[in-house]
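A.B. asks: predicted structure and sequence below. I'll ask about it afterward.
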Number of protein chains: 2
Amino acid sequence: MGRVSDAKERLMRSLTELIWTGSYGSTTIDQICERAGVKKGSFYYFFDSKAALAEEAMRTGWEDYRVNFDRVFSPALPPLDRIHRYCEFEYEEQAKIKREHGHVLGCPLCTLGSEISTLETNLRKMVDEIMDQCRRYFETAIRDAHAAKLIVAPDAVCKSKLVYAYVEGLLTQARIRDDLELLKDMERGILDILGANVPVAA
Amino acid sequence: MGRVSDAKERLMRSLTELIWTGSYGSTTIDQICERAGVKKGSFYYFFDSKAALAEEAMRTGWEDYRVNFDRVFSPALPPLDRIHRYCEFEYEEQAKIKREHGHVLGCPLCTLGSEISTLETNLRKMVDEIMDQCRRYFETAIRDAHAAKLIVAPDAVCKSKLVYAYVEGLLTQARIRDDLELLKDMERGILDILGANVPVAA
DNA sequence: ATAATTGTTGACTAAAAGGTCCAGTTAATC
DNA sequence: GATTAACTGGACCTTTTAGTCAACAATTAT
């Protein structure tokens, strides 16, 4: 009952883009509204604050985006292939972003999380949880790879933290340096960490 | 000639602290001035903008801080000891910060760089250069370790990028999750990446 | 001393930002 | 087709922020 609207979704997408291409702190509510084509009255109808919007935007953004992870990290694939496909996928995503925005943008979660970590407790927790879900994709792949005797990694949780810290670090560096090339080493890097002697074909 | 003042230095320290404990975007010029005990008129006497202050603050901040790196990564030490000392040093630094501020703060360069990467070109370049200087400490240690046959790493530049991405990633995760424990794995992680079979004593 | 230079102060402006309010509009339901 | 709930528009207010300025204070060289 009552009229329907996708203004909420537009606001969420708007903030996500603005955070990614700029930063959380530098985006104003007016900007978010303008890009979404929504008036401030409507903004405050849907959300209490920028932080509240960001929280919901990150949550639903991840819910949508995770299908990509499910596909790439499909348990149907040999575990090291999943890693390979993830690296390929990430490179393509960042390359597309670079073409569209003229800048490598890295991981929006990590950028946001690092920025608001000490300022927005709820948002920090949300980012924290999502990142842990991301990490688990690596954990499973590593555990399977160990089981298949492709690598030696009895502690998959620990190794996945290692790999995930590396991946996020590399994406952050790529953003800071605006250098896509850095990401070409991602697979080799991960395999180095995992001690997999699989040479990446040139 | 004329009067002397350390207001410039106080402003630089003030901004650095505010960026670290909060974020670049969330700190205002008024805040910077208040914490430094400097009036806005004086701020604009010394600097054109927040970005200009940040640039100089990062540069001189690093010039002061690098003595720690020189000590920890002294070429007089066996190369893997340098790594060990760095990890110890970093942990202690972050632990001190956590005690003082109630929150793990990670690497201020990385936090700032990731935040302003698409917004402040000059600042981005400055951060980029400083980070590369940091990376070189690892590069030298890795090259020496290879020469001493402690590890197999013919391409020290490449390996150092790997290690440095991991280190920055780990520091960023520690900030986002506000978790000091993550840093306890730093040495083990680096040694894993380097393929050094040196077990870390428990 | 005094002139020149360097730094300080606080009051000021204008713009931007966050946030409120409520009358009005649209669409589903009865 | 009236009622009701969901949403919109935009005027309005307040606070915060960046940035300016001219008069003043302290130091040093002459």
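C.D. replies: Arrived safely, thanks for sending.
A.B. asks: residues of chain A that sit close to DNA strand C?
C.D. replies: Within reach of DNA strand C by Cβ under 7 Å from any atom of the strand, chain A has these residues: A:1-4, A:28-31, A:40-41, A:44-45, A:49-50. For the C-beta atoms, the positions are set from N, CA and C on the backbone; glycine is no exception.
A.B. asks: name the element the closest residue to A:Y24 other than its chain neighbours belongs to?
C.D. replies: Counting by Cβ to Cβ, 6 or more residues apart in numbering or on different chains, the nearest residue to A:Y24 once its immediate chain neighbours are dropped is A:E115, at 5.2 Å. Per DSSP states H and E, A:E115 falls inside helix A:108-116.
A.B. asks: mind listing what's buried along the next helix or strand along the chain from that helix?
C.D. replies: On the C-terminal side of helix A:108-116, the closest following helix or strand by DSSP H and E is helix A:121-147. Neighbour counts over helix A:121-147 (16 or more other Cβ atoms under 10 Å in any protein chain shown) mark A:123-124, A:126-128, A:130-131, A:134-146 as buried.
A.B. asks: low pLDDT regions in chain A?
C.D. replies: A:1, A:197-202 (pLDDT under 70).
A.B. asks: rerun at 50
C.D. replies: Low-confidence segments of chain A (pLDDT under 50): A:200, A:202.
A.B. asks: what about the residue of it found nearest DNA strand D, neighbour count?
C.D. replies: Proximity to DNA strand D, evaluated over chain A using Cβ to the nearest atom of the strand, is greatest for A:G2 at 1.7 Å. When neighbours are counted by other Cβ atoms under 10 Å in any protein chain shown, A:G2 registers 4.
A.B. asks: quick check, the residue nearest to A:Y24 in contact with B:G22.
C.D. replies: No. Using Cβ atoms under 8 Å, A:E115 makes no contact with B:G22, being 9.1 Å away.
A.B. asks: higher neighbour count, those two?
C.D. replies: For A:E115 versus B:G22, the count of surrounding residues by other Cβ under 10 Å is larger for A:E115: 29 against 19.
A.B. asks: residue contacts, the more buried one?
C.D. replies: The neighbours of A:E115, taking Cβ atoms under 8 Å, 6 or more residues apart in numbering or on different chains as the test, are A:S23, A:Y24, A:G25, B:S23, B:G25, B:T111, B:S114, B:E115.
A.B. asks: look up how far A:T21 lies from it.
C.D. replies: Distance of A:E115 to A:T21, given as Cβ to Cβ, to the nearest Å: 14 Å.
A.B. asks: check contacts around the residue nearest to A:V38 when sequence neighbours are not counted.
C.D. replies: With sequence-adjacent residues excluded and distances taken as Cβ to Cβ, 6+ apart, A:V38 is closest to A:A7, at 4.8 Å. The contact partners of A:A7, by Cβ under 8 Å, 6+ apart, come to A:A36, A:V38, A:S42, A:F46.
A.B. asks: relative to helix B:156-177, how tilted is the strand or helix carrying A:A174?
C.D. replies: Assigned by DSSP H and E, A:A174 belongs to helix A:156-177. In terms of direction (axes from the mean of the first three to the mean of the last three Cα atoms, to 10 degrees), helix A:156-177 departs from helix B:156-177 by 100 degrees.
A.B. asks: helices or strands up against the helix or strand that comes right after helix A:156-177?
C.D. replies: Using DSSP H and E, the helix or strand that follows helix A:156-177 in sequence is helix A:186-194. On a contact count with 3 or more Cβ pairs under 8 Å, 6 or more residues apart in numbering or on different chains; DSSP states H and E, helix A:186-194 meets helix A:79-101, helix A:156-177, helix B:156-177, helix B:186-194.
A.B. asks: what are the buried residues along helix A:186-194?
C.D. replies: Result for helix A:186-194 [16+ other Cβ under 10 Å]: buried residues A:M186, A:E187, A:G189, A:I190, A:L191, A:D192, A:I193, A:L194.
A.B. asks: need the contacts of A:E115 in JSON lines with distance to A:V67, can you?
C.D. replies: Formatted as JSON lines, those follow (distance: Cβ to Cβ, whole Å):
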{"residue": "A:S23", "distance to A:V67": "27"}
{"residue": "A:Y24", "distance to A:V67": "25"}
{"residue": "A:G25", "distance to A:V67": "30"}
{"residue": "B:S23", "distance to A:V67": "31"}
{"residue": "B:G25", "distance to A:V67": "32"}
{"residue": "B:T111", "distance to A:V67": "30"}
{"residue": "B:S114", "distance to A:V67": "26"}
{"residue": "B:E115", "distance to A:V67": "29"}
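A.B. asks: please pick the buried ones from the residues you listed.
C.D. replies: Members of the contacts of A:E115 classed as buried by 16+ other Cβ under 10 Å are A:S23, A:Y24, A:G25, B:S23, B:G25, B:T111, B:S114, B:E115.
A.B. asks: and the residue nearest to A:V38, how far is that from A:A36?
C.D. replies: Taking Cβ to Cβ, one finds A:A7 at 7 Å from A:A36.
A.B. asks: what of A:A174?
C.D. replies: Relative to A:A36, and taking Cβ to Cβ, A:A174 is found at 28 Å.
A.B. asks: higher neighbour count, the two?
C.D. replies: A:A174 (25 against 22).
A.B. asks: sorry, back to before: now, which of the contacts of A:A7 lie within helices?
C.D. replies: Among the contacts of A:A7, DSSP state H puts A:A36, A:S42, A:F46 in helices.
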